[in-house]
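K.L.:
need a structure here:
(chains A and B, ligands or ions: 1)
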Amino acid sequence: MTTTSGRTNTPATQYKVVGTRPIRHDGADKVTGRARYGLDFNVVGLLHGKILRSPHVHARIKSIDTSAAEKLPGVKAVVTARDFPANPKGQPIDFAEAGADVRVLAENIMAGRVVLYQGHAVAAVAATNEHIAEEALGLIKVEYEVLPALLDVRESMKPDAPLIHEKLTTFFTKDRQGRGENTGVKSNIATHLQFKRGDLATGFKEAHVVVEREFTTSMVHQGYIEPYVSTGQWGKDGRITVWTSTQNPFGIRASTAAILGVPESTVKVVSMEIGGGFGGKQPAYLDPVAAMLSKKSGRPVKIVMTRKEVFDSTGPASGSYLRCKIGATKDGRITAAELYLAYEAGAFPGSPIAGGAMSSFGPYKVENMMVEGYDVVVNKPKVQAYRAPGQPQTNFAVESVVDELAQKLGIDPLEFRIKNATDEGDLMPSGMVFPPMGLKQLEEAMKNHDHYKTPLTGPNRGRGIAVGYRFNGGGVSSATINVNDDGTVALVTGSVDIGGTRTSVAMQAAEVLGLRAEDVTPTVVDTDSIGWTGTTAGSRVTFDTGLAAITTAEEVKRLMIARAAKIWEVPPAEVAFKDGVFTSLKNPNDKLTFKQLAARLRATGGPVTASAINGSTGVGPIFAGNIIDVEVDPETGKVQILRCTAFMDAGKAVHPSYVEGQLQGGTAQGIGWALNEEYFLTKEGGMANSTFLDYRMPTALDLPLIDTVLIEVPNPRHPFGLRGVGEVPIVPPPAALANAIARATGARLTKLPMKPGTIWEAVEAHKAATKTKK
Amino acid sequence: MQAFEYVSAKSVGEAVGVLSQHGEGARLMAGGTDVLVQLRAGRRPQVKVLVDVKGIGELNELSYNDRQGLIIGAAVPCYRIYEDPTVIKRYPGIVDSASIIGSVQIQGRASLGGNICNATPSADGIPPLIALGAVCIIAGPNNSRRELPLEQLFAGPGRTTLQNGEMLISVRVPPPPANSGAQYLRFTPRNEMDIAVAGVGAAITLNAAKNTFVSGRVVLAAVAPIPLLVPAAGQALAGKPVNDETIGKAAEAAVAAAVPITDMRGTIEYRKHLVGVLTRRALQGAIQRAKGV
Ligand SMILES: Cc1cc2nc3c(=O)[nH]c(=O)nc-3n(C[C@H](O)[C@H](O)[C@H](O)COP(=O)(O)OP(=O)(O)OC[C@H]3O[C@@H](n4cnc5c(N)ncnc54)[C@H](O)[C@@H]3O)c2cc1C
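P.N.:
As a prediction, the model looks like this:
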């Protein structure tokens, strides 16, 4: 997968560092194997932990007998839910999109009275090696009483469905902040959300063509390559340290402390290098368990998940049921749009229906609109964030219906979108007003691209397009900068580096200080060594931690100016700083480069060091689009992607190679979600395909060259104009592929994944239907 | 992972000896790409001794002569097979399967002997060998040897008809007749690292004019409890003209013989349908090869 990058709308370069492509600071560590991941962590006396998990999707735990396991030589500790505080309390915990309360987290990591999904933890063992720990698991006797399972959102929503949680009642909200009222109605529906404006009936009456379809999507997993791994050490002094693979060290600190019932300040989280997360590596599944095993055994304990555990027991993305109806006039103006979405939350509430609802009709001006969402518990693992949480599902529905509408009206699908496109000042589905954004520019770039202008010919071939929208993330980040004697600076943050953010953040500090990217040494530190910092998710690190670095660099600049002023005995206001050089306004011959001044700091009052947080926030609306050409083998239903171009408005690409990487990576994951990935369930309801052999993520041989085009419409909420680029690329591929397949075969696929067998069936059904019509 | 003893056998006699002594408790290992995965997953709890057969000379033989045909030692890894000039020239149907098993890394270790003895219905290595008339050379206790047509080796999913103390030494594939050709095709959703939803191996011999089938063998993967030879498909070909109608008849016979199950890899209907598509395509490919085009 190589890239040939096209760029449009790039303003004349006004920056020295931002927009260039320096070598990443952590590159040598990663290519030489010096970087330390969670699995690499080792200490003297380390024990190995393993977790016993439920084979049933829903069952009452009648008894757990751990005595035989405890007696096995080499076993040093066994824990069950009884070892954890009964009623954990604590602050709501920052998980960006997937909020959760502490009791839910505690129940999810160690089941007490019931198991709610296959793979739900029931006990854990620490032993001198993992083979003994594994053997010990086999000696734990758990008696279960199997309960009826609910595996489908629509089944679970039925008024007479058995209740998964006896006390769960439906919360009704019309508010984008999630405010609303508890209806008091007992149900498996945790939340019912409604965004409404105008009048649907009037809107649909005005339409000349209306398309309505139902869609379903399967539960999918982020598929990060590195499994969850954590080492916990509970010191005799009561201080707890965990070395873990996470996107969210401060969230892990809060949850671990709350679940263990200890003050947050006694827990230190050291985030190791991370092998992928995509939103899924935010909760503390292993950390509190490793710490509890450590407390009981008096030794540090490491737990590593197997791939099966990752699939069965961590948080995938919701499967969904959707219904979308859109009407338009003959000349292609949308008059009304309606969307119904019901998402699997898994065993506990918390699916991203708000994300799905807020982005749904974002790219379209709609006066008469209704979006209705349901968060529904089912006996599957509790879902977690996955890159633009909740949005690929609604986009699949909306963009499929839009495409069919354009087809029925005989209008070019891109023209149709351009005609109805939202812009600054229009309303988002949530009712908020759009700030400046680049949707129109993106759609124009798609229209003018060689790919769109080159006709696609040949049998069984089709071209599909789709446009996706991701609303803003946000949150707080901290940064510290220390100026070194040699004129370089050390930049310290608490943001786990997933997408090359050490460099993209360092580049922003360098820009402010007139330094080269190489002059900034970025380090990611533990939770005791930096101010509170939000999770590495929600497309926020380059934006928010970048802002924190800019604010800190501004403070460093102020302190350096003050020092130059002191040396020259002038007021600070009379010192200028430009292109890395300090100059006295009074006596322009008094000049010091950043480097020269740095060398004099210690002798003139001590080193310069500064810390700050990002003041404002607001990643800004961000749009991405795909043009995808496919060829479908009509006899087998297999899709071959012939050409794929991915577009995104990056605001400003700080490090264009990384932005292109995000665009390609997100597109690749979107293609996997679209074509083959799914939780395939056994009759009992557990995941049947919990290996990478049968959970079919695309390999390099399944992906096309993904050409990238970056559009740059600056975001006014950031000094360099950035938007958050990490998530939106995954949004449009499923719909773009469905639209391409529809144009290649005549059959509309309304079910993800669009695997070969499903496409073959749809093509056969379409053939049969056209025959009877004739 | 369970603890086990590891024995590196240096002769057939030594390996057979360990097998006879331990019965179910011993298991042979060639490339280990099946057996080690199974041990790790706890799917062979009875295994106490693993006998590595890669050190036995006879099992590493890969040779050809016009009288006997091709000898493939049971431990010869796939890459040696598909890189061998004679195999490439005379047995492209075997190259088809040896070069799609797993990935380059897997092919560096995986053997056709292991593929055969693991005996999964979806094994890619088996159908083209059966189609080409391969015969197993089997060793047993007391220096005994016997031969068995490959299609008779399979007893069910994961089970062979090998007796206690027996092991596979090699397979022998007869020299290809004049005007013959073979092809193996499988269908997988992904382009590599995948297990066949259905697979078809076809081998045919044409008359000198290359317009009539003299004989043909069609073997199916992943649509029955064992790799399935379909005699009716061969009968549909023998003596019939080379055309779409004949090919269609053979494909119908293959579809009729297939008894797949519905699972995560595909439904019964889809798999039966694929058998028809793949049989037609594999026969066409085999004909092209027989015609030397
Ligand atoms: C990632 C991956 C991808 C794969 N992809 C494919 C694929 O695409 N297609 C496919 O068909 N398979 C695939 N496999 C399965 C496997 O690689 C093949 O079946 C391979 O050919 C097995 O050969 P081996 O030498 O590794 O067998 P081993 O694991 O060494 O042995 C397999 C079995 O045969 C027995 N055995 C070995 N030698 C003898 C002998 N001489 N006599 C009697 N019994 C013997 C062993 O005891 C064991 O039960 C894949 C495996 C992996 C791990």
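K.L.:
near whatever residue of the stretch 401-550 of chain A ends up closest to chain B, how many other residues are there?
P.N.:
Going by CB to the nearest CB, chain B is nearest to A:N460 of the stretch 401-550 of chain A, at 14.3 Å. Where C-beta positions appear, they are placed from N, C-alpha and C, glycine not excepted. Using other CB atoms under 10 Å in any protein chain shown, A:N460 has 14 other residues around it.
K.L.:
got the contact list for the closest residue to chain A within the stretch 1-150 of chain B?
P.N.:
At 6.0 Å from chain A, B:M1 is the closest residue in the stretch 1-150 of chain B, using CB to the nearest CB. By CB atoms under 8 Å, 6 or more residues apart in numbering or on different chains, the residues touching B:M1 are A:131, A:134, B:39-40, B:42.
K.L.:
now, of these, which are buried?
P.N.:
For the contacts of B:M1, burial is judged from neighbour counts taken by 16 or more other CB atoms under 10 Å in any protein chain shown, and it is met by A:134, B:39.
K.L.:
quick check, nearest of the contacts of B:M1 to the ligand?
P.N.:
B:L39 (9.5 Å; CB to the nearest ligand atom).
K.L.:
which residues are in contact with A:T593?
P.N.:
Counting by CB under 8 Å, 6+ apart, A:T593 makes contact with A:487, A:580-582.
K.L.:
and if we set it to 10 Å?
P.N.:
By CB atoms under 10 Å, 6 or more residues apart in numbering or on different chains, the contact list for A:T593 reads A:487, A:514, A:579-582, A:599.
K.L.:
quick check: residues of the stretch 1-150 of chain B near chain A?
P.N.:
B:1-3, B:37, B:40-42, B:102-103 (CB under 10 Å from any CB of the partner chain).
K.L.:
out of those, what pair is the most spread apart?
P.N.:
B:A3 and B:S103 (29.4 Å; CB to CB).
K.L.:
of those two, who's got more company?
P.N.:
Taking neighbours as other CB under 10 Å, B:A3 and B:S103 compare with B:S103 leading, 13 against 7.
K.L.:
that one touches A:T699, doesn't it?
P.N.:
Yes: if you go by CB atoms under 10 Å, B:S103 and A:T699 touch, sitting 8.4 Å apart.
K.L.:
what touches both of the two?
P.N.:
Jointly contacting B:S103 and A:T699 under the rule CB under 10 Å, 6+ apart are B:192-193.
K.L.:
the residue nearest to A:Y15 when sequence neighbours are not counted sits in which helix or strand?
P.N.:
In space, and not counting its chain neighbours, A:Y15 is closest to A:E511: 5.7 Å by CB to CB, 6 or more residues apart in numbering or on different chains. Element membership for A:E511, per DSSP states H and E: helix A:501-513.
K.L.:
for that helix, packing partners?
P.N.:
Contacts defined by 3 or more CB pairs under 10 Å, 6 or more residues apart in numbering or on different chains; DSSP states H and E place helix A:501-513 against strand A:478-483, strand A:489-493, strand A:520-524, helix A:546-568, helix A:656-675.
K.L.:
ok, 7 Å please
P.N.:
On a contact count with 3 or more CB pairs under 7 Å, 6 or more residues apart in numbering or on different chains; DSSP states H and E, helix A:501-513 meets strand A:489-493, strand A:520-524, helix A:546-568.
K.L.:
returning to that earlier point: quickly name whichever of the contacts of A:T593 is closest to A:A549.
P.N.:
A:G514 (14.5 Å).
K.L.:
would you check how far apart the closest one and A:M560 are?
P.N.:
10 Å (CB to CB, to the nearest Å).
K.L.:
just A:N676 next, same as before
P.N.:
Look at A:N676 and A:M560: by CB to CB, they are 55 Å apart.
K.L.:
could you grab the helix/strand/coil label for B:L220?
P.N.:
Classification of B:L220 by DSSP: H, G, I helix; E, B strand; the rest coil places it in strand.
K.L.:
residues in contact with it?
P.N.:
Listed by CB atoms under 7 Å, 6 or more residues apart in numbering or on different chains, the contact set of B:L220 reads B:127, B:199-200, B:228, B:230, B:254, B:258, B:275.
K.L.:
run through the bridge partners of it.
P.N.:
Beta-bridge partners for B:L220, by DSSP bridges, are B:V200, B:L228.
K.L.:
how close does it sit to chain A?
P.N.:
16 Å (CB to the nearest CB, to the nearest Å).
K.L.:
spatially nearest residue to the residue in chain B that the ligand sits nearest to (excluding sequence neighbours)?
P.N.:
Nearest residue of chain B to the ligand: B:G114, at 2.0 Å (CB to the nearest ligand atom). Closest residue to B:G114 apart from its sequence neighbours, by CB to CB, 6+ apart: B:A30 at 4.2 Å.
K.L.:
which ones are touching the one you found?
P.N.:
Going by CB under 7 Å, 6+ apart, B:A30 touches B:53-54, B:74-75, B:111, B:113-114.
K.L.:
what's the PyMOL line that selects buried ones from the residues you listed?
P.N.:
Buried members of the contacts of B:A30, defined by 16+ other CB under 10 Å, are picked up in PyMOL with:
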select buried, chain B and resi 53+54+74+75+111+113+114
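K.L.:
any idea which helix or strand carries residue 202?
P.N.:
I went with chain A, as the question did not name one. Counting by DSSP H and E, A:T202 is found in helix A:200-206.
K.L.:
hm, I was asking about chain B
P.N.:
Following DSSP H and E, one finds B:A202 within strand B:198-206.
K.L.:
state the mean pLDDT of that strand.
P.N.:
The average pLDDT within strand B:198-206 is 98.
K.L.:
what secondary structure does the residue of the stretch 1-150 of chain B closest to chain A sit in?
P.N.:
From three-state DSSP, the assignment for B:M1 is coil.
K.L.:
how many residues are close by B:Q284?
P.N.:
The number of residues near B:Q284, taken as other CB under 10 Å, comes to 16.
K.L.:
now it. Nearest residue, chain neighbours left out?
P.N.:
B:Q284 sits nearest to B:I247 (CB to CB, 6+ apart), 6.8 Å away.
K.L.:
hang on, that neighbour packs against B:A282?
P.N.:
No: in terms of CB atoms under 7 Å, B:I247 does not count as a neighbour of B:A282; the distance is 9.8 Å.
K.L.:
the more surrounded of those two?
P.N.:
B:A282 (32 against 24).
K.L.:
check which helix or strand covers A:I418.
P.N.:
helix A:413-420.
K.L.:
next SSE after that helix?
P.N.:
helix A:439-448.
K.L.:
how about that next one, which residues are buried there?
P.N.:
Buried-residue list, helix A:439-448, by 16+ other CB under 10 Å: A:439-447.
K.L.:
need phi/psi at the residue of chain B closest to the ligand.
P.N.:
phi -70, psi -40 (degrees, to the nearest 10).
K.L.:
give the residue spans of the chain that score low on pLDDT.
P.N.:
I went with chain A, as the question did not name one. Residue ranges of chain A with pLDDT under 70: A:1-13, A:90-100, A:472-473, A:619, A:774.
K.L.:
re earlier: which other residues reach the helix holding A:T202?
P.N.:
A:210, A:327, A:329, A:335-336, A:338, A:367-368, A:370.
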